[in-house]
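[1] kindly return the folded structure for what I paste below:
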Amino acid sequence: MTAVVFIHGTGVREPGFSATAGRVAAGLTALRDGLRIVPHYWGGTHGATLAAGGASLPPATGTTRGLAEAATAGPARELGETTSAADPGDDTAVWAALYADPYAELALAAQQAAARTGERPPGSVPPAHQLQSRLAALAAQGDAPAAELGPGLARAATDLAAHPLLAPAAEALDPEDLAAVAARSLTARVIADALDADTPLVPVGDTRDTVTDRLAEALGAPPRGTRRGVRSLLLRTAGSAASRAALRRRRALTEAAHPAAGDVLRYLARGAAVRAGLRSLVEGLEEPVVLLGHSLGGIIALDTLISAPLPQVRLLVTAGSQGPFLYESGSLPTLEHPAPLPPHVPAWLNLYDPRDLLSYLGAGLFPGRVTDVAVDSRQPFPAAHSAYWTNPAVYRHIVDRLP
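    Numbering: from 1, shown residues only. I've put the predicted structure just below:
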């Protein structure tokens with residue numbers, strides 16, 4: 001029976017580790033019977049913590065410019081105007097902006113409404129009223145209508161219904177476009193909250209889009225929603241939004257509850273105990289064994305295999321791993337460039353997402369020893385780094401190569 005040892009990446013703690021390990025187990029065993037999935041949770045014992053309770057962190061900033069303010073820096077554009085700022089078939093920049101500010105489209109639509117003149121006839125029903133009723137009905141269903149995204153839909157729908165930008169945005173958009181904008185806002189809010197919590201599971205773009213279309217229909221859009229709206233303005237301001245997202249997440253990336261950055265630094269400084277723990281686990285397993293590591297977990301697996309032979313291990317699989325980069329930059333603890341990969345290191349499958357800025361290639365560094373395979377989650381960074389385990393292609397590539 002093949003044993004697959006799953007090694008998590010940076011910042012993962014319970015209960016996130018068990019949820020991720022369960023998802024990995026389900027994805028692999030659905031394609032091949034008889035696998036033994038062995039979760040290796042190193043974060044609880046060897047992960048980083050802030051011993052002084054975060055005394056090194058600067059206070060959080062309270063100043064942020066909204067997307068609507070950024071948009072006013074240039075000439076006003078109509079909501080449907082096209083732009084050459086990005087590939088029109090690639091919407092990852094739009095989603096990156098929405099993850100930074102889920103209400104960005106509402107803000108830009110409200111800006112257009114503010115520029116209009118005229119008043120509504122006395123006694124007429126505000127355009128936002130029907131959408132607010134549908135948002136309330138959606139919230140009453142809990143998180144079930146968007147279960148694939150994770151928890152938070154009910155809260156997001158309640159907050160959106162009461163948001164001050166909703167009414168002015170409704171003045172600028174027709175009901176179908178407003179429903180589509182609201183659906184994207186809900187989806188982005190749920191995913192943004194997950195990113196703030198450093199969840200190890202983020203849905204791939206296809207799942208995100210399917211859920212968004214479902215929400216749009218529930219809010220009054222026709223089937224498949226609509227791609228109209230403020231796309232061009234979001235593309236124009238995506239860069240500044242992404243920068244604000246990084247600022248907003250600084251504390252989450254460094255404080256004790258979410259020690260993603262600290263895990264990397266601690267491993268590079270004191271990684272021997274982590275490698276020893278993995279080696280001890282593998283030595284107690286019957287062959288064949290596969291090491292499957294995500295992000296820093298891939299570095300741990302690679303370093304452990306380089307340091308001394310583990311004959312039980314027949315395959316190394318890394319996903320979104322920085323091992324090749326650390327090697328090339330002279331930072332990999334167990335092997336310094338240009339030394340070759342030791343002969344006892346088994347076949348290496350390296351999965352990377354072209355949009356994941358924390359994934360690197362190994363074939364050019366270790367010719368004939370590494371197979372690099374691209375898997376596209378259709379998510380922007382940093383969501384792409386957490387979307388491997390919800391991508392069916394990842395499991396197909398792994399199972400195809402299992403001993």
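
[2] I'd like the next helix or strand past the helix or strand bottoming out on mean pLDDT in the chain.
    Ranked by mean pLDDT, DSSP states H and E, the helix or strand of the chain with the weakest confidence is helix 67-71, at a mean of 39. Where DSSP states H and E defines the elements, the next helix or strand beyond helix 67-71 is helix 92-100.

[3] grab the nearest non-local neighbour of Ala273.
    Nearest residue to Ala273, sequence neighbours excluded (Cβ to Cβ, 6 or more residues apart in numbering): His46, at 5.9 Å. All C-beta spots, glycine's among them, are computed from the backbone N, C-alpha and C.

[4] and that neighbour, what's its pLDDT?
    The model reports His46 with a pLDDT of 93.

[5] what about it, how many neighbours?
    18 (other Cβ atoms under 10 Å).

[6] cool, Ser56 as well?
    10.

[7] any regions of the stretch 1-150 of the chain where pLDDT drops low?
    57, 60-90, 113-125 (pLDDT under 70).

[8] and for the stretch 251-400 of the chain?
    Low-confidence segments of the stretch 251-400 of the chain (pLDDT under 70): 251-260.

[9] helices of that one, residue ranges please.
    With DSSP state H, counting those that start in this stretch as the criterion, the stretch 251-400 of the chain has helices at 260-270, 272-283, 296-307, 323-328, 392-401.

[10] point out the most buried one among those helices.
    helix 296-307 (a mean of 26; mean count of other Cβ atoms under 10 Å).

[11] list the helices and strands that helix packs on?
    Packed against helix 296-307 by the contact rule (3 or more Cβ pairs under 8 Å, 6 or more residues apart in numbering; DSSP states H and E) you find strand 3-7, helix 260-270, helix 272-283, strand 289-294, strand 313-319, helix 323-328.

[12] which residues touch the shortest one?
    Translated: strand 3-7. Identification of contacts with strand 3-7 by Cβ atoms under 8 Å, 6 or more residues apart in numbering yields 20-21, 24-25, 28, 35-40, 42, 278, 281-282, 285-286, 288-294, 297-298, 300-301, 402.

[13] what angle do it and helix 392-401 make?
    Relative orientation of strand 3-7 versus helix 392-401 (axes from the mean of the first three to the mean of the last three Cα atoms, to 10 degrees): 140 degrees.

[14] sheet-wise, list the partners of strand 3-7 with their directions.
    According to DSSP bridges, strand 3-7 forms sheet pairs with strand 36-40 (parallel), strand 289-294 (parallel).

[15] in TSV, list those along with mean neighbour count and distance to Asp193.
    TSV is the format used below for the strands paired with strand 3-7 (neighbours: other Cβ atoms under 10 Å; distance: least, Cβ to Cβ, whole Å):
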stretch	mean neighbour count	distance to Asp193
strand 36-40	18	25
strand 289-294	26	21
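
[16] let's have those strands in a markdown table, adding distance to Ala272.
    Conversion of those to a markdown table gives the following (distance: least, Cβ to Cβ, whole Å):
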| stretch | distance to Ala272 |
| --- | --- |
| strand 36-40 | 16 |
| strand 289-294 | 17 |
